[in-house]
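> next come a sequence and a model predicted from it.
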Amino acid sequence: MASGDLERGAKNRGNNSNFPSFHVETAEKQWTSWLIPMFVVANIAVFIVVMYVNDCPKRNFGSERSCVAKFLGRFSFQPLKENPLFGPSSATLEKMGALEWNKVVHGDQGWRLITCMWLHAGVIHVLANMLSLVFIGIRLEQQFGFVRVGLIYLVSGFGGSILSSLFIQRNISVGASGALFGLLGAMLSELLTNWTIYSNKIAALLTLVVIIAINLAVGILPHVDNFAHIGDARVKSKHKAYQYMFLMAAAVLIIAGFTLGLVMLFKGENGNDHCSWCHYLSCVPTSKWNCENR
């Protein structure tokens, strides 16, 4: 499913995959997927570097708090009460470029809106995102090419970062979830637009629902935010006349949304002032961790 051409179904030449096929035969050109695999490698490589910098044993030496998986040495994880996702400390993530409202707005560090997209809060976070990216992104790149898929990925990630900054101002946030949900939105749009050509409609829809549910569930944990999921881009996938109209309308809404979001962000607006319960979309406090009054 991850690397197979789902649009060509069982007739796909050279595809011996046992994964279920969702599409019927088409004559569309297939692109070679290379950008999404590069994104996956880059995200995993950055996570390894972050864990190397974190060096839990050194930073917690002599402390009652115990690192998790000590056999990993300096790559061992922070105590689960601090980070339940099996990952680094908040201080390390902030040092490496996590999204932090005060630094973006008052510290002239707008670059964090981009760097946070390549950071992950832990093993669970990076695996959930990368597996979803492989399942969804490779199929989309094969179908629509690296230019459109790369643009959706980057624009969606940036949009998610803006929305996160407006609602999460007392804590850091990281993750490629906004970019991933942009791709999910594009695939959902294609699924609904071309519903009649799918040979297994229920399987295709359930695949998207499961991936969305998993990522939203991870998003309620500390350091990971669902606002990035909400802030992604939606792009229509085919080329009928009415779809061009949808595309133009979507482009106008995206530009307007980005402009409004950036103006509100750099004016120091707090999105929670307009929605008192929205912070629960991103973090649900439990006895194991708190949300630090996001």
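Perfect, I can see it now.
> three-state assignment of the closest residue to His120 other than its chain neighbours?
Leaving aside its sequence neighbours, His120 sits nearest to Val126 (Cβ to Cβ, 6 or more residues apart in numbering; 3.9 Å). The way it works is simple: take the backbone N, C-alpha and C, and place the C-beta from them, glycine included. Following DSSP: H, G, I helix; E, B strand; the rest coil, the label given to Val126 is helix.
> ok, Val126 touching Ile44?
Yes: Val126 lies in contact with Ile44 (Cβ atoms under 8 Å); the separation is 6.6 Å.
> ok, these two, which is more surrounded?
Set Val126 next to Ile44 and count neighbours by other Cβ atoms under 10 Å: Val126 wins out with 25 against 14.
> how about the contacts made by the more buried one?
Going by Cβ atoms under 8 Å, 6 or more residues apart in numbering, Val126 touches Asn43, Ile44, Phe47, His120.
> top of the residues you listed by neighbour count?
Taking other Cβ under 10 Å as the neighbour criterion, His120 ranks highest of these with 29 neighbours.
> helix or strand for that one, which one?
Under the criterion DSSP states H and E, no helix or strand holds His120.
> return the distance of it relative to Leu180.
Distance from His120 to Leu180, counting by Cβ to Cβ, to the nearest Å: 11 Å.
> got it, and Arg59?
On the measure of Cβ to Cβ, Arg59 and Leu180 end up 30 Å apart.
> more neighbours: the two, which one.
Leu180 (29 against 16).
> look at that one and report its pLDDT.
Model confidence at Leu180, given as pLDDT, is 87.
> and for the spatially closest residue to Asp55 that is not a sequence neighbour, the neighbour number?
Once flanking residues are discounted, Asp55 sits nearest to Arg74: 4.2 Å by Cβ to Cβ, 6+ apart. For Arg74, the neighbour count with other Cβ under 10 Å is 14.
> can you tell me which helix in this protein is longest?
Taking DSSP state H as the criterion, the chain has its longest helix at helix 241-266.
> by contact count, what packs against that one?
Contacts defined by 3 or more Cβ pairs under 8 Å, 6 or more residues apart in numbering; DSSP states H and E place helix 241-266 against helix 101-105, helix 146-167.
> just those helices: most buried one?
Most buried of the helices and strands packed on helix 241-266, by mean neighbour count (mean count of other Cβ atoms under 10 Å): helix 146-167, with a mean of 23.
> run the angle between that one and helix 241-266 for me.
Relative orientation of helix 146-167 and helix 241-266, computed by axes from the mean of the first three to the mean of the last three Cα atoms, to 10 degrees: 40 degrees.
> which positions in the helix or strand just after helix 146-167 come out as buried?
Scanning forward in sequence from helix 146-167 by DSSP H and E, the next helix or strand is helix 177-193. For helix 177-193, a neighbour-count test (16 or more other Cβ atoms under 10 Å) marks 177-191, 193 as buried.
> pick out the residue closest to the middle of this protein.
Computing the C-alpha centroid of the chain and ranking residues by Cα atoms, centre = their mean puts Ser177 first, at 1.3 Å.
> re the thing from before, to the chain's geometric centre, what's the distance from the longest helix of the chain?
Relative to its chain's centre, helix 241-266 lies at 20 Å (Cα atoms, centre = their mean, to the nearest Å).
> rounded mean pLDDT for it, please.
For helix 241-266, mean pLDDT is 84.
> and if you look at stretch 82-91?
91.
> cool, stretch 124-142 as well?
For stretch 124-142, the per-residue pLDDT averages 89.
> quick check: Thr115 touching Lys95?
No: contact criterion Cβ under 8 Å: Thr115 and Lys95 do not qualify, at 11.0 Å.
> lovely, talk soon.
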